[in-house]
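Engineer: sequence unknown, structure follows:
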């Protein structure tokens, strides 16, 4: 079967996602594990590690996604399909819920710094993460029961094998309402909560005594998190709503999955922005020869920029966003 233009676009996005997502998530792992070893685990460390696990669960399956796109069908053993589908949905909904926890925690640290500090424990964040993952597992379990066997693989209308695409009417009677419930509970509700917390952060920071540089950094992190949430998870969950209205498995769900896969390299950017490490810190640890001329020049440039900002500004900003 000849590849279409949309297939080429999908293939490019998945390859780009793999090449960019794998090193970026490994970098986040490096940063936050080192931070945990030096300063102990914090809520941000717990959530960052959970996001990395969710993202790596998706990015490691990107080569399979590319092969599925190129071959226009499923060529692996049928037993692999449910595992493959599980990790795709596991990553999408797990990441969205963990990202919501990050946004809520940031809002509480700004709005109620004293009260929140009393409950700001890594153990509490681990419990929150466990509850969110259990919620995702529960919904995925219902989806597996609705499939009813057959390893999710069936013949498509083009007479090729497809993974988790073709369903009987009996299966759709369970899947369609379940997908709507997932879109409402695992996407829309977290989106509303994230939007509220982000807007409140914007108002509080705008009227705070932070210097302008500190305000810009906090606002940039808050807005970028919300944009990632909407852009990455919106289209795929909209397909669930449309599928419920039409009561069918909409054909453009695969295209909607493209934006969801982009979260594996966009979320690490947000988590690195939340880290108290500066670009100079990263270069110090990633450059093996710290006296190398290029690294030294890079340091001098950023040191000159940093010297124009008061040290209190950096400390104050880090204390707010790196809870």
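Structural biologist: That came through fine. Please read these numbers as outputs of a predicted model, since none were measured by experiment.
Engineer: pLDDT weak spots in the stretch 151-300 of the chain?
Structural biologist: Where the stretch 151-300 of the chain drops to pLDDT under 70, the residues are 151, 155-159, 275-300.
Engineer: one more pass at 80, please.
Structural biologist: 151-161, 165-166, 168, 207-215, 217-218, 273-300 (pLDDT under 80).
Engineer: the helices in it, which residues?
Structural biologist: Here the stretch 151-300 of the chain has its helices, by DSSP state H, counting those that start in this stretch, at 169-183, 189-206, 212-246, 253-261, 263-274, 279-286, 293-306.
Engineer: looking at those, which is buried most?
Structural biologist: Among the helices of the stretch 151-300 of the chain, ranked by average contacts under mean count of other Cβ atoms under 10 Å, first place goes to helix 263-274 (a mean of 22). Yep, even glycine has a C-beta here, placed from its N, CA and C like the rest.
Engineer: does anything pack onto that one? Which helices or strands?
Structural biologist: In terms of contacts (3 or more Cβ pairs under 8 Å, 6 or more residues apart in numbering; DSSP states H and E), helix 263-274 is packed against helix 5-39, helix 43-59, helix 80-111, helix 212-246.
Engineer: which one of the ones you listed lies nearest to residue 194?
Structural biologist: Across these, residue 194 has its closest neighbour in helix 80-111 (4.5 Å, Cβ to Cβ).
Engineer: check the offset of that closest one from the chain's centre.
Structural biologist: Relative to the chain's own centre, helix 80-111 is displaced by 6 Å; criterion: Cα atoms, centre = their mean, to the nearest Å.
Engineer: with stretch 63-74 instead?
Structural biologist: How far stretch 63-74 lies from its chain's middle: 23 Å, per Cα atoms, centre = their mean.
Engineer: and for it, what are the contacting residues?
Structural biologist: Applying Cβ atoms under 8 Å, 6 or more residues apart in numbering, the contact partners of stretch 63-74 are 1, 3, 7, 10-11, 14-15, 18, 75-76, 80-81, 84, 153, 156, 158, 160-163, 261.
Engineer: what subset of the residues you listed is buried?
Structural biologist: Buried members of the contacts of stretch 63-74, scored by 16 or more other Cβ atoms under 10 Å, are 10-11, 14, 18, 76, 80-81, 84, 153, 161-163, 261.
Engineer: can I get these in TSV including distance to residue 243?
Structural biologist: As requested, the buried ones among the contacts of stretch 63-74 are arranged in TSV below (distance: Cβ to Cβ, whole Å):
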residue	distance to residue 243
10	20
11	25
14	23
18	28
76	26
80	25
81	20
84	21
153	20
161	22
162	16
163	18
261	19
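Engineer: out of the residues you listed, which is nearest to residue 190?
Structural biologist: Nearest to residue 190 among the buried ones among the contacts of stretch 63-74: residue 261, at 18.8 Å, using Cβ to Cβ.
Engineer: any idea how far the residue lying closest to the closest one once chain neighbours are set aside is from residue 121?
Structural biologist: Sequence neighbours aside, residue 17 is the residue nearest to residue 261 in space, at 4.8 Å (criterion: Cβ to Cβ, 6 or more residues apart in numbering). For residue 17, the distance to residue 121 equals 34 Å [Cβ to Cβ, to the nearest Å].
Engineer: and these two? Which one has more around it.
Structural biologist: Neighbour comparison, residue 17 and residue 121: the larger count goes to residue 17, with 23 against 14 (by other Cβ atoms under 10 Å).
Engineer: surely that one and residue 59 touch.
Structural biologist: Yes. The criterion here is Cβ atoms under 8 Å, and residue 17 meets it with residue 59 at 6.6 Å.
Engineer: who touches both of these two?
Structural biologist: residue 264.
Engineer: outside of stretch 258-267, which residues touch it?
Structural biologist: By Cβ under 8 Å, 6+ apart, the residues outside stretch 258-267 that reach it are 9-10, 13-14, 17, 20-21, 24-25, 51, 55-56, 58-59, 62, 65, 91-92, 95, 99, 228, 231-236.
Engineer: repeat that for 7 Å
Structural biologist: By Cβ atoms under 7 Å, 6 or more residues apart in numbering, the residues outside stretch 258-267 that reach it are 10, 13-14, 17, 20-21, 24-25, 51, 55, 58-59, 92, 95, 99, 228, 231-233, 235-236.
Engineer: likewise stretch 122-130?
Structural biologist: Stretch 122-130 is contacted by residues 41-43, 45-47, 50, 98, 101 when judged by Cβ under 7 Å, 6+ apart.
Engineer: could you dump those to CSV with pLDDT?
Structural biologist: CSV is the format used below for these (pLDDT from 0 to 100):
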residue, pLDDT
41, 85
42, 86
43, 88
45, 90
46, 92
47, 92
50, 94
98, 93
101, 93
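Engineer: now, which of the residues you listed sits nearest residue 177?
Structural biologist: Nearest to residue 177, judged by Cβ to Cβ, of the contacts of stretch 122-130 is residue 98 at 25.5 Å.
Engineer: please report how far the residue lying closest to the closest one once chain neighbours are set aside lies from residue 215.
Structural biologist: Excluding its sequence neighbours, the residue lying closest to residue 98 (Cβ to Cβ, 6+ apart) is residue 50, at 4.8 Å. Taking Cβ to Cβ as the measure, residue 50 falls 28 Å from residue 215.
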